[in-house]
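K.L.:
Sequence and predicted model, in that order:
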Amino acid sequence: MKRIVAFLVAFLMVAVCLASCGNEDIIDSSTESTQQTTEENNDPVGVQLQSDDGLIKFQLVAGEDGKAATATLYRWDILSSTITIPETITYNGHEYPITVIGLGQNITAAPSTVETLVLSSNVKVINASAFSMCNNLKTVAFAEGLEKISNSAFFGCSSLTTIELPSTVKTVERSAFTGCASVSAVIIGENTETVEDSAFGFCTGIKTISLPRKFADRVKDIFNGCPSVIGETCTIVYPD
């Protein structure tokens, strides 16, 4: 009988120990959860920030939950003939996709030094005047993913030779490429929904245009001030 009692006591002690260990696991898990909550992203939204080297300035933009989710690049102080927009930028240990370029002014302090522009697929919008008067800009590598090119985004880029927009572009606003005098070919994809008047105004060197048929009756408005379009001497192709 004493052996049975001793066995039961030992069994109960083991059970209590196991229960206690389980509670410790729960406490640890709860503590970890609390720490994660404490470390939630509280990075500032809508204020001027800069990269560690101070050469790229940007703002963070809130997502649906009100927390910083994406970045707008508005200043590029790297003196180089090539601007390659990075896919992301890191702030306070958090990585944000760069989805918007510009805040209504040229992003570089030395527009004339830029010859090549390379955009990442994260860029959705190029804002007004972002690359205006980059008069030595010869090549723009647009990436799939771009959706909107705003007013005067490439105004006066007189050395551009070809403008081939990706299939994802939906909107090209007024004067987006006005004054790109060296452009000989413009290609606009079938998914583009809006091309405003004078979007390609005074592109005086145009020889070939490819665009959706839905814009056929507005070609002279879209390419206002282009002699070859007005005189109907350029080649216009409607792929659809």
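P.N.:
Happy to help now that I have it.

K.L.:
how far away is residue 196 from residue 175?
P.N.:
8 Å (C-beta to C-beta, to the nearest Å). Quick note: C-beta positions are derived from backbone N, CA and C, even for glycine.

K.L.:
Between those two, tell me which one has more neighbours.
P.N.:
residue 175 (25 against 15; other C-beta atoms under 10 Å).

K.L.:
For that one, give me its contacts.
P.N.:
151, 152, 155, 198, 199, 201 (C-beta atoms under 8 Å, 6 or more residues apart in numbering).

K.L.:
What is the end-to-end distance of stretch 140-150?
P.N.:
With C-alpha to C-alpha, to the nearest Å applied, stretch 140-150 spans 16 Å between its terminal residues.

K.L.:
got the buried residues for that stretch?
P.N.:
Under the neighbour-count criterion of 16 or more other C-beta atoms under 10 Å, stretch 140-150 has 140, 142, 146, 147, 148, 149, 150 buried.

K.L.:
cool, stretch 155-168 as well?
P.N.:
Neighbour count says stretch 155-168 has 155, 156, 157, 158, 159, 160, 163, 165, 166, 168 buried, by 16+ other C-beta under 10 Å.

K.L.:
Quick check: bridge partners of the residue lying closest to residue 215 once chain neighbours are set aside?
P.N.:
Nearest residue to residue 215, sequence neighbours excluded (C-beta to C-beta, 6 or more residues apart in numbering): residue 195, at 5.9 Å. Applying DSSP bridges to residue 195 gives these bridge partners: residue 172.

K.L.:
Next up, phi/psi of residue 228, please.
P.N.:
phi -70, psi -30 (degrees, to the nearest 10).

K.L.:
what ranges do the helices span in this protein?
P.N.:
2-38, 219-222, 227-230 (DSSP state H).

K.L.:
residues contacting the residue nearest to residue 215?
P.N.:
171, 172, 188, 211, 215, 218, 222.

K.L.:
how many other residues sit next to the last one?
P.N.:
The number of residues packed around residue 222, counting by other C-beta under 10 Å, is 22.

K.L.:
now do the second one
P.N.:
Close neighbours of residue 172, defined as other C-beta under 10 Å, add up to 24.

K.L.:
Could you find the closest non-adjacent residue to residue 90?
P.N.:
The nearest residue in space to residue 90 (C-beta to C-beta, 6+ apart) is residue 96, at 7.5 Å.

K.L.:
no wait, residue 221
P.N.:
residue 197 is the one closest to residue 221 (C-beta to C-beta, 6+ apart), at 4.5 Å.

K.L.:
where does this protein dip in pLDDT?
P.N.:
1-39 (pLDDT under 70).

K.L.:
Produce a ChimeraX select command limited to the buried residues of the contacts of residue 195.
P.N.:
Selection of buried members from the contacts of residue 195 for ChimeraX, criterion 16+ other C-beta under 10 Å:
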select :171,172,188,211,215,222
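
K.L.:
Make a markdown table out of the contacts of residue 195 and add distance to residue 122.
P.N.:
A markdown table is the format used below for the contacts of residue 195 (distance: C-beta to C-beta, whole Å):
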| residue | distance to residue 122 |
| --- | --- |
| 171 | 18 |
| 172 | 20 |
| 188 | 22 |
| 211 | 26 |
| 215 | 28 |
| 218 | 31 |
| 222 | 28 |
